[in-house]
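> Turn this into a model:
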Amino acid sequence: MEKDEVELMICVLWCIWNDRNKVLHGGFARDPSSLVAYAGSFLHKYRSAKASNCKNQGFNTLHSETVVPKNTHHGSSSLQQITHQNKQHSVDTHSAGVSRENLQNIAENSSQLAQNLQVQPPGSNRPQTNVISWSPPVGNSLKMNVDAAVNITDKKLGIGAVVRNNQGEVIAAFSKPSQGCFRSDEMEAKALFHSLIWATKHQLPLALVETDALRVSSALNSFHRDLSYFSDLIDDVRCLLSSFPGVTVAHVRRQANQAAHGLAKYALELDEDVTWIREIPYPIFSVIVNDL
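Okay, the predicted model is just below:
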């Protein structure tokens, strides 16, 4: 077996052992596809951390050997001590593997060394970007994300919903095709209506429901009522929400609702409903893995 295959196999075995411990303590084991996906994601993050650690060590060695003047006395003792610590961490990393404590110590020492040398650490001048992504629910609760898509030419509505726990594991998901062409807010309200019917059928104890339709979430969290078809749909949704004690409906950005959006688009290709129980739906496999 190749080295990469051996490393992945070790991660998978560790995940299996960890899941068995969860079951022994009253938890749930992940389905095989979720487990393998998590193992691959964990290994990728470990390799990225290790590569970053090597870059930090190279930065420390370069400046400690070529920048510091030999005849400088002011502050030299503290700088030499930091350099010695960095070299020691380099030895420890190669002999015992990359640990979280070693990475943290190296990062702190690198920052202190850079401050003494009055230079900026690598990457400090790079622009910071705020990445919006799916966030897990609080505690042991379940969260359902819902979205809708439409094919105007075929007058077809696609509905997608995915229920996940606080570890990002898929508890259940579904894609539902429906005929009809509606206004955007009506389409999103219908998607939520059918998703709640589906969640009730599968007895999913939802604590939080998220949609990227701002008007739908605002209407459900207010007492305004008119004679429009949209208000009738909102009343129907409220009735279904009463089956979930304490449930909250919240608005999220589209970037945090990608899994449900993918299932809604997939529904446009279907002729009948599709449900996944405790497995990652293949149309959104990469989205779920990135959210772990």
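
> The closest residue to Ala250 other than its chain neighbours: what secondary structure?
Computed as Cβ to Cβ, 6 or more residues apart in numbering, the closest residue to Ala250 that is not its neighbour in sequence is Glu210, at 5.3 Å. C-betas here are computed from N, CA, C, even on glycine. Classification of Glu210 by DSSP: H, G, I helix; E, B strand; the rest coil places it in strand.

> Isn't Glu210 up against Thr248?
No. With contacts counted by Cβ atoms under 8 Å, Glu210 stays clear of Thr248, the gap being 9.2 Å.

> Look at these two and report which has more neighbours.
Each of Glu210 and Thr248 has its neighbours counted (other Cβ atoms under 10 Å); Glu210 has more, 22 against 17.

> The more buried one: what's it in contact with?
Applying Cβ atoms under 8 Å, 6 or more residues apart in numbering, we find Glu210 in contact with Lys143, Met144, Asn145, Val146, Val249, Ala250, His251, Val252, Ala256, Asn257.

> What is the neighbour count of the closest residue to the third one other than its chain neighbours?
Okay, so that is Asn145. Once flanking residues are discounted, Asn145 sits nearest to Ala260: 4.0 Å by Cβ to Cβ, 6+ apart. By other Cβ under 10 Å, 31 other residues sit near Ala260.

> Assess the claim that Ile288 and Trp276 are in contact.
No. Using Cβ under 8 Å, Ile288 is not in contact with Trp276, being 10.7 Å away.

> Tell me the residues that contact both of these two, please.
Both Ile288 and Trp276 are in contact with Val170, where contact means Cβ under 8 Å, 6+ apart.

> Pick out whichever of those two has more residues nearby.
Neighbour count, other Cβ under 10 Å: between Ile288 and Trp276, Ile288 has more, with 25 against 20.

> Can you tell me the element that one falls in?
Per DSSP states H and E, Ile288 falls inside helix 285-291.

> mind saving the C-alpha coords of that helix as CSV?
Extracted C-alpha coordinates of helix 285-291, given in CSV (Å, rounded to 0.1, in the frame of the first residue of the first chain):
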residue,chain,number,x,y,z
PHE,A,285,-21.2,15.0,-1.0
SER,A,286,-18.4,17.7,-1.5
VAL,A,287,-20.5,20.3,0.3
ILE,A,288,-21.1,18.2,3.4
VAL,A,289,-17.4,17.2,3.6
ASN,A,290,-16.3,20.8,3.4
ASP,A,291,-18.8,21.7,6.2
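
> what about Asp291, neighbour count?
Counted with other Cβ under 10 Å, the neighbours of Asp291 add up to 18.

> Quick check: the gap between it and Asn221.
Asp291 is 25 Å from Asn221, where distance means Cβ to Cβ, to the nearest Å.

> what do you get for Leu263?
24 Å.

> The protein: helices as residue ranges?
Remark: helices assigned in the chain by DSSP state H are 3-24, 32-66, 76-96, 100-117, 184-201, 214-220, 229-241, 258-267, 285-291.
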